[in-house]
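Undergrad: Give the three-dimensional model of this entry:
(chains A and B)
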Amino acid sequence: EADIYQTPRYLVIGTGKKITLECSQTMGHDKMYWYQQDPGMELHLIHYSYGVNSTEKGDLSSESTVSRIRTEHFPLTLESARPSHTSQYLCASSERTGKEYNEQFFGPGTRLTVL
Amino acid sequence: AQRVTQPEKLLSVFKGAPVELKCNYSYSGSPELFWYVQYSRQRLQLLLRHISRESIKGFTADLNKGETSFHLKKPFAQEEDSAMYYCALSALGAQKLVFGQGTRLTINP
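TA: Just a heads-up that it's a prediction; the model follows:
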């Protein structure tokens, strides 16, 4: 079934640890996105990719990094987690066509807590 | 810079009453506006977009460029409309979204 997956769904980790949040989609989409959302606040775009080997920083500065080696996979990595990274991280994907805008489909999110 | 403002963090109305969720935007170019919705324990999903000019689940939204607004309206609220609603903007051709802070809508029986 075509879907977008995020693992883990919840992660509690200590300061200084390296973490990778996984995002995979089986929708055949070229574009993928990472958003950060603090409780009760808006979603902020932190990274996006228009295809393999393409990654760009979003509107909100983030210490995380991303990679896009395969079309379906867009992992986000924090080399050294800090309490300020505590947040929800949402992954999304959309088609790449000639249309001006395509609907973004969201994953279930990863809620990260750094102690 | 693009900015989306949803002035109400919380909105509570009774079932059967009209509901209006406000959204104002700031953008100098031609925007594309959207409403996304997140029901309890579900994912964020697209509700409607201004270019479609359609009604989804009884909701409509009209883009008012003069007032730079894109308010979401429904004449008769239903309990299943309780959810978190986000207004979002995309600059023409940008393929990126800027979200508002969201409004939590609660429909009371």
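
Undergrad: Contact partners for B:V19?
TA: Residues near B:V19 by CB atoms under 8 Å, 6 or more residues apart in numbering or on different chains: B:11, B:13, B:73-74, B:77, B:81, B:105, B:107. Heads up, the C-betas are built off the backbone N, CA and C, glycines and all.

Undergrad: For A:L21, see how far away it is.
TA: For B:V19, the distance to A:L21 equals 35 Å [CB to CB, to the nearest Å].

Undergrad: repeat for A:W34
TA: Counting by CB to CB - A:W34 and A:L21 are separated by 8 Å.

Undergrad: Next: A:S62.
TA: Distance from A:S62 to A:L21, by CB to CB: 12 Å.

Undergrad: ok, and the closest non-adjacent residue to B:P109?
TA: Spatial nearest neighbour of B:P109, excluding adjacent residues (CB to CB, 6 or more residues apart in numbering or on different chains): B:K15 at 5.5 Å.

Undergrad: per-residue pLDDT, the one you found?
TA: B:K15 carries a pLDDT value of 97.

Undergrad: Nearest residue to residue 59 in space, please, no chain neighbours.
TA: Just so you know, I chose chain A. A:L45 (5.1 Å).

Undergrad: sorry, should have said chain B
TA: B:K74 (4.9 Å).

Undergrad: try B:S90
TA: Per CB to CB, 6+ apart, closest to B:S90 is B:E32, 4.5 Å.

Undergrad: I'd like to know how far the one you found sits from B:F99.
TA: Counting by CB to CB, the gap from B:E32 to B:F99 is 13 Å.

Undergrad: quick one, strands of chain A?
TA: Under the criterion DSSP state E, chain A contains strands at A:4-7, A:10-13, A:19-25, A:31-37, A:43-51, A:54-57, A:65-66, A:76-78, A:87-94, A:105-106, A:110-114.

Undergrad: which residues are there in chain A that come within reach of chain B?
TA: A:31, A:33, A:35, A:40-45, A:48, A:50, A:58-59, A:90, A:94, A:100-109 (CB under 8 Å from any CB of the partner chain).

Undergrad: From the contacts of B:V19, list just the buried residues.
TA: By neighbour count, with 16 or more other CB atoms under 10 Å in any protein chain shown, the contacts of B:V19 hold B:11, B:13, B:74, B:77, B:81, B:105, B:107 as buried.

Undergrad: quick one: which two of these are the most distant?
TA: The span of the buried ones among the contacts of B:V19, defined through CB to CB, is set by B:L11 and B:K74 at 11.7 Å.

Undergrad: returning to what we had before: A:I13: which of the buried ones among the contacts of B:V19 is nearest?
TA: B:L105 (33.8 Å).
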